[in-house]
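[1] A structural model of the following input is requested.
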Amino acid sequence: MDSHLEIPGFSNRCRLFPLPGLVLLPQALLPLHIFEPRYRQMTRDALDGDQLVTMVQIRPAPGDSPWTEPVPIMDVACVGKIVRHEIMPDGRFNILLVGCKRVRLVREIPSEKLYRIADARILDDIASHAPSEPRRTRLLELFRSVYEKRRPLDEDLASVLHSPLSLGALSDILAHALGLPPAVKQSFLAEPSVDQRVAMLTALLEKLHPGNSGGRLYPPPFSAN
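    Numbers count the residues shown, from 1 in each chain. Got it, this is the predicted structure:
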């Protein structure tokens, strides 16, 4: 178990931070600049309490329709813990979140807060009963072939990949590092089965492998997110 991502203070109630096109996965780090009044309030409340903020992707608006408040959101989100923060003189924040747990949002809670709140239940990993090898080795080989075709593998990421992570944690880190499109990352977030996530990621990496001519077509160039 990846104990540093445990959230013992979690009350199954989430402070929601909906953003379009952004998906936080467990294990991933996410820097955020907080400037809207409602999210400044959310950040202050988190810092005064359990340090937790839940990132959730906004559902795409149908056609060319504009979003209207409250914006529709996905059912599965990620609880993040604030591990670093900076308060600016005008009340804005810079924060660094680490993704901790998948959650399924059950219902939104009426509140006098400026930000939205929801009840949720944690989606723990459904552990694999099959041996992690040779799947771990195959995942790492494919990942390095695809990733290093585009950029060098930095020391921090290399160190993480050589650490004794669970197979579920490894799949999340690799999916985050690839900078996949939001819809693909959301599909990984919504899947609690380690076996399913590993199979999905292996199939995707095989498509993207430099030796596969079809790999040039999908996904689009990696983003910074």
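
[2] shouldn't Gly179 be within a strand?
    No. If the criterion is DSSP: H, G, I helix; E, B strand; the rest coil, then Gly179 is coil and not within a strand.

[3] and the helices in the protein?
    37-48, 135-147, 155-161, 167-177, 182-189, 194-208 (DSSP state H).

[4] adding distance to Cys14 and mean pLDDT, write those helices out as JSON lines.
    C-beta coordinates here come from the backbone N, C-alpha and C atoms, glycine included. Output for the helices of the chain, formatted as JSON lines (distance: least, CB to CB, whole Å; pLDDT from 0 to 100):
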{"stretch": "helix 37-48", "distance to Cys14": "10", "mean pLDDT": "97"}
{"stretch": "helix 135-147", "distance to Cys14": "30", "mean pLDDT": "93"}
{"stretch": "helix 155-161", "distance to Cys14": "27", "mean pLDDT": "87"}
{"stretch": "helix 167-177", "distance to Cys14": "19", "mean pLDDT": "94"}
{"stretch": "helix 182-189", "distance to Cys14": "14", "mean pLDDT": "96"}
{"stretch": "helix 194-208", "distance to Cys14": "22", "mean pLDDT": "95"}
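
[5] the longest strand along the chain pairs with which strands?
    Longest strand in the chain, counting residues (DSSP state E): strand 93-109. Each strand paired with strand 93-109, and its direction, by DSSP bridges: strand 29-34 (antiparallel), strand 76-87 (antiparallel), strand 117-122 (antiparallel).

[6] give the buried residues for the last one.
    Of the residues in strand 117-122, those with enough neighbours to count as buried (16 or more other CB atoms under 10 Å) are Ile117, Ala118, Ala120.

[7] how about the second one?
    The neighbour-count check on strand 76-87 (16+ other CB under 10 Å) flags Val76, Ala77, Cys78, Val79, Gly80, Lys81, Ile82, His85 as buried.

[8] got the contact list for that strand?
    5, 7, 10, 14, 16, 23-26, 29-30, 43, 46-47, 51-57, 93-105, 120, 122-123, 186, 189-190 (CB atoms under 8 Å, 6 or more residues apart in numbering).

[9] what is the least confident helix or strand in the chain?
    Across the helices and strands of the chain, mean pLDDT, DSSP states H and E gives its lowest value to helix 155-161, namely a mean of 87.

[10] distance from the chain centre to stretch 49-63, please.
    Relative to its chain's centre, stretch 49-63 lies at 11 Å (CA atoms, centre = their mean, to the nearest Å).

[11] buried residues of it, list them for me.
    For stretch 49-63, by 16+ other CB under 10 Å, it's Asp50, Gln51, Leu52, Val53, Thr54, Met55, Val56, Gln57, Ile58.

[12] likewise for stretch 191-201?
    Applying 16+ other CB under 10 Å to stretch 191-201 flags Glu191, Pro192, Val194, Asp195, Arg197, Val198, Met200, Leu201 as buried.

[13] now swap in stretch 150-170 and tell me
    Those would be Val160, Leu161, Leu165, Ser166, Leu167, Gly168, Ala169, Leu170, for stretch 150-170 by 16+ other CB under 10 Å.
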